[in-house]
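>>> how would this look folded up:
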Amino acid sequence: MNIPKKEVIQLSENIRKIIDGHNVDLRDNKEGKLSILKNDIHTLAGRLTEQAETSELEKQALRQTLADISHQIKTPLTSMSVMVDLLSDAPRDKQEEFIANIKTSLVRTEWLVSALLKLAKLDSGAVIFSFEETKVQTLAKLALNPLQILLDLKNQTVEVNTDISVFCDKRWTVEALTNILKNASEYSPDKGKIIIEAGDNPICSWISVTDSGKGLTNREISKLFQRFEGSRSEHGIGIGLPLSLAIMHRQNGDIDAENAEKGGARFFLKFYKAT
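Residues are numbered from 1 along each chain as shown. This next block holds a predicted model:
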């Protein structure tokens with residue numbers, strides 16, 4: 001079959017237009033090898049365009065994430081820098097206040113960097129999960145260890161009312177549960193109570209954490225797991241709950257939040273069963 005030179009030239013010009021970013025529809029309904037070639041080139045061009053658009057969206061998301069990280073780290077560093085400059089000339093009572101604030105900012109910055117590194121590992125798929133049957137009592141005990149000082153300072157108590165075994169990665173589930181419990185402590189009053197429960201149904205095993213705070217508004221629920229946006233506290237960072245959700249998603253799980261019947265917010269860590 002001879003292909004007219006005019007059609008080859010036209011096809012070549014259209015391909016160049018596509019390369020230059022123009023939207024050209026090469027498809028036709030004719031029979032023959034040239035029509036098949038045109039349709040294949042059109043399909044390839046469409047896929048390349050989709051990949052380019054996806055790549056651009058990913059770049060925009062990365063730029064926004066880096067800007068958010070920069071802001072979150074820069075804020076406490078700027079605050080500490082100002083307090084250090086004022087420290088030497090401040091009266092003694094103010095010096096003690098500045099030192100306490102600097103220590104708090106250092107702890108927050110250290111936690112933020114640690115959480116961001118863990119989230120980056122999860123996003124990149126660099127974490128290999130190891131699953132085993134683990135008692136909820138064991139998970140709760142390990143998750144509460146790093147929070148004991150915070151709980152003692154606020155005279156808060158934690159009750160674990162039920163115990164079952166869940167199939168999970170123990171280390172990373174403890175990380176997720178710690179973030180949920182830290183959130184519960186922050187939003188519970190002094191002398192408040194935090195309740196941990198667990199259960200099992202045909203669809204999933206679950207662990208719940210209920211605080212004794214004021215509960216959640218619909219707007220807060222919609223933003224809870226959005227990075228850098230979900231914190232309800234003026235001192236919050238908005239990374240702990242998204243990190244917990246990322247951990248649960250990697251375990252074929254999820255996290256739900258609601259208002260408890262007797263007050264406070266209740267978070268469910270759900271471990272879905274294989275079908």
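>>> ok, which stretches of the stretch 151-275 of the chain are helices?
Under the criterion DSSP state H, counting those that start in this stretch, the stretch 151-275 of the chain carries helices at the ranges 170-186, 218-223, 240-249.
>>> now the ones you listed as a markdown table including mean pLDDT?
Shown next, in a markdown table, are these (pLDDT from 0 to 100):
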| stretch | mean pLDDT |
| --- | --- |
| helix 170-186 | 94 |
| helix 218-223 | 86 |
| helix 240-249 | 92 |
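>>> For Ala274, which of the ones you listed is the nearest?
Closest to Ala274 of the helices of the stretch 151-275 of the chain is helix 240-249 (Cβ to Cβ; 15.5 Å). All C-beta spots, glycine's among them, are computed from the backbone N, C-alpha and C.
>>> Can you show me the CA trace of the closest one as CSV?
Presented in CSV, the C-alpha positions along helix 240-249 are these (Å, rounded to 0.1, in the frame of the first residue of the first chain):
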residue,chain,number,x,y,z
GLY,A,240,0.4,13.5,64.2
LEU,A,241,-3.0,12.4,63.1
PRO,A,242,-2.0,12.3,59.3
LEU,A,243,1.0,10.2,60.3
SER,A,244,-1.3,7.8,62.2
LEU,A,245,-3.7,7.6,59.2
ALA,A,246,-0.8,6.8,56.9
ILE,A,247,0.3,4.0,59.2
MET,A,248,-3.2,2.5,59.3
HIS,A,249,-3.6,2.7,55.5
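>>> got the buried residues for that helix?
By neighbour count with 16 or more other Cβ atoms under 10 Å, helix 240-249 contains the buried residues Gly240, Leu241, Pro242, Leu243, Ser244, Leu245, Ala246, Ile247, Met248.
>>> Tell me the one of those nearest Ser185?
Gly240 (11.5 Å).
>>> quick one, what contacts that closest one?
Ala115, Asn179, Lys182, Asn183 (Cβ atoms under 8 Å, 6 or more residues apart in numbering).
>>> so where do the strands sit in this structure?
Assigned by DSSP state E, the strands in the chain fall at 132-135, 157-160, 165-168, 193-200, 204-210, 253-259, 265-272.
>>> so how far is Arg63 from Glu258?
In this view, Glu258 and Arg63 are 34 Å apart by Cβ to Cβ, to the nearest Å.
>>> Between those two, tell me which one has more neighbours.
Glu258 (14 against 10; other Cβ atoms under 10 Å).
>>> shouldn't the more buried one be in contact with Glu220?
No - the pair Glu258 and Glu220 fails to qualify as a contact (Cβ atoms under 8 Å) at a distance of 11.4 Å.
>>> Just the CA trace of stretch 100-117, in CSV.
Written as CSV, here are the backbone C-alpha positions of stretch 100-117 (Å, rounded to 0.1, in the frame of the first residue of the first chain):
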residue,chain,number,x,y,z
ALA,A,100,11.2,27.0,79.7
ASN,A,101,9.8,28.3,76.4
ILE,A,102,13.0,27.4,74.6
LYS,A,103,12.9,23.9,76.0
THR,A,104,9.3,23.5,74.9
SER,A,105,10.1,24.8,71.4
LEU,A,106,13.1,22.4,71.1
VAL,A,107,10.8,19.4,72.1
ARG,A,108,8.2,20.5,69.5
THR,A,109,10.8,20.9,66.8
GLU,A,110,12.4,17.6,67.6
TRP,A,111,9.0,15.9,67.5
LEU,A,112,8.1,17.6,64.2
VAL,A,113,11.3,16.6,62.5
SER,A,114,10.9,13.0,63.7
ALA,A,115,7.3,12.8,62.6
LEU,A,116,8.1,14.3,59.2
LEU,A,117,10.9,11.7,58.6
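>>> okay but Glu132 is in contact with Ser165, surely?
No - the criterion here is Cβ under 8 Å, and Glu132 misses it with Ser165 at 9.4 Å.
>>> For the strands of the chain, could you give me CSV that also reports distance to Leu119 and mean pLDDT?
Compiled in CSV, the strands of the chain are given as follows (distance: least, Cβ to Cβ, whole Å; pLDDT from 0 to 100):
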stretch, distance to Leu119, mean pLDDT
strand 132-135, 23, 95
strand 157-160, 26, 94
strand 165-168, 19, 94
strand 193-200, 24, 95
strand 204-210, 20, 95
strand 253-259, 15, 94
strand 265-272, 17, 96
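>>> Redo those strands as a markdown table? Include distance to Leu48.
A markdown table is the format used below for these (distance: least, Cβ to Cβ, whole Å):
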| stretch | distance to Leu48 |
| --- | --- |
| strand 132-135 | 44 |
| strand 157-160 | 55 |
| strand 165-168 | 41 |
| strand 193-200 | 48 |
| strand 204-210 | 41 |
| strand 253-259 | 35 |
| strand 265-272 | 37 |
